[in-house]
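In: Below is the sequence, then the predicted model.
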Protein chains: 2
Amino acid sequence: MDLRLEDYISIFLHETDLMLTSFIKEKLAPYNLAPEQNLIMMILWEQDGYTQNEIAARLKKDKTNIARMAASLADKGFLERVPDDLDRRSLRLYLTEEGSELGEKVTPIAEEFHHAVVQGISEEELQMVRTVLKKMQQNVSK
Amino acid sequence: MDLRLEDYISIFLHETDLMLTSFIKEKLAPYNLAPEQNLIMMILWEQDGYTQNEIAARLKKDKTNIARMAASLADKGFLERVPDDLDRRSLRLYLTEEGSELGEKVTPIAEEFHHAVVQGISEEELQMVRTVLKKMQQNVSK
DNA sequence: TACATTTAGTTGTTATAGCAACTATTGGAA
DNA sequence: TTCCAATAGTTGCTATAACAACTAAATGTA
């Protein structure tokens, strides 16, 4: 077969992902928010009080990642980690005043980012890409 | 606008990338090769003796990453880092016997991986995805 | 009730990614 | 030839990602 690096769609996908991440990282930097930390905040801005475990399920990430990102966000003063009364193993994430206010500034940036990314790409093209990516996901799942 | 997480194509792209990476990571694990380390090896299997800098340019990665991955691959005995005679700042990467032989086992795995990923996806669809991803890359570049 | 199992979260480790600041070397210009 | 600028690589740091092994708490069953 003899595929070259340029033939691997996975490599191209990975490069694209890194470029998008780097782009939004720069936009968020002034707000002291890293890209994946921002995803946690986006969930909480809609509705806070979720447990770390619930956030992990929603973001399809390992609970270790969420725990460390939540700890970092708490350090920054954007949220508080409150043990649940009924299940004292669980930590529920609640926005602080500062974290809550941050949403008003950062939400528009996230949406601008999305629009910048899809600029010049039609709804049909985007849907097609979603379909193909979904197929790839299925291809590598049991 | 009020986009939900599911609306962000960047998030879907990122999740897909992670799933593909995790899949190939598992396939390569028995050979003591991590996915990105494998990319360096793939270049060297085609032609070795490139400098770390040349590898970094080819893989569009920071030279720090390449330096650390090359150090790791050297630790594993897959390559040697040889200072260039004419420019003693440069380190050229040469395959060891072991690293060279590894290529015969791992190259087919990489190609099988690619075929697994694109299974059930037509050439036209794949080309269209490439075109759209390229457009996204341009959208986030200066 | 007592004990085994499951669950939520933490700690430690490895890999990737990229920035900043540094050393060593090379190359270019006065 | 001397000195400044550019280049190759390293070290240190922060963030993401996920696995393994652990603690603490809750649940289920004998």
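Out: Thanks, I have the structure now.
In: Show me what the host helix or strand of A:E124 is packed against.
Out: For A:E124, the host element (DSSP states H and E) is helix A:123-139. Helices and strands touching helix A:123-139, by 3 or more C-beta pairs under 8 Å, 6 or more residues apart in numbering or on different chains; DSSP states H and E, are helix B:9-28, helix B:97-118, helix B:123-139. C-betas here are computed from N, CA, C, even on glycine.
In: Helix or strand next in line after the first one, which one?
Out: Read that as helix B:9-28. helix B:35-46.
In: Need the residues that contact that following helix.
Out: Outside helix B:35-46, the residues that touch it by C-beta atoms under 8 Å, 6 or more residues apart in numbering or on different chains are A:5, A:11, B:21, B:24-25, B:28, B:33, B:50, B:55, B:58-59, B:61, B:65-66, B:69-70, B:72-73, B:78-79, B:93-95, B:99-100, B:102-103, B:106-107, B:110.
In: same for DNA strand D: which of these are within range?
Out: Among those, the residues lying close to DNA strand D (C-beta under 7 Å from any atom of the strand) are B:A70.
In: residues near A:K60, how many?
Out: 11 (other C-beta atoms under 10 Å in any protein chain shown).
In: got a list of what it touches?
Out: Counted by C-beta under 8 Å, 6+ apart, A:K60 has contacts B:E15.
In: Over to the one 3 residues further on?
Out: Contacts for A:K63 were tallied using C-beta under 8 Å, 6+ apart; they are A:Q52, A:N53, A:A56.
In: what's the burial count for the last one?
Out: As a burial measure, A:A56 scores 20 neighbours (other C-beta under 10 Å).
In: what angle do the host helix or strand of it and helix B:9-28 make?
Out: Here A:A56 is covered by helix A:52-59, with elements defined by DSSP H and E. Counting by axes from the mean of the first three to the mean of the last three C-alpha atoms, to 10 degrees, helix A:52-59 lies at 100 degrees to helix B:9-28.
In: Which residues does helix A:52-59 contact?
Out: A:39-40, A:43, A:50, A:62-63, A:65-67, A:70, A:81, A:90-91, A:93, B:5.
In: Compute the distance between the closest residue to A:F113 other than its chain neighbours and B:K27, please.
Out: Distances taken as C-beta to C-beta, 6 or more residues apart in numbering or on different chains put A:I24 closest to A:F113, at 5.0 Å, once the chain neighbours are dropped. In this structure, A:I24 and B:K27 are 30 Å apart, going by C-beta to C-beta, to the nearest Å.
In: These two - which one has more neighbours?
Out: A:I24 (23 against 18).
In: Check the gap between the more buried one and A:H114 for me.
Out: For A:I24 relative to A:H114 (C-beta to C-beta), the value is 9 Å.
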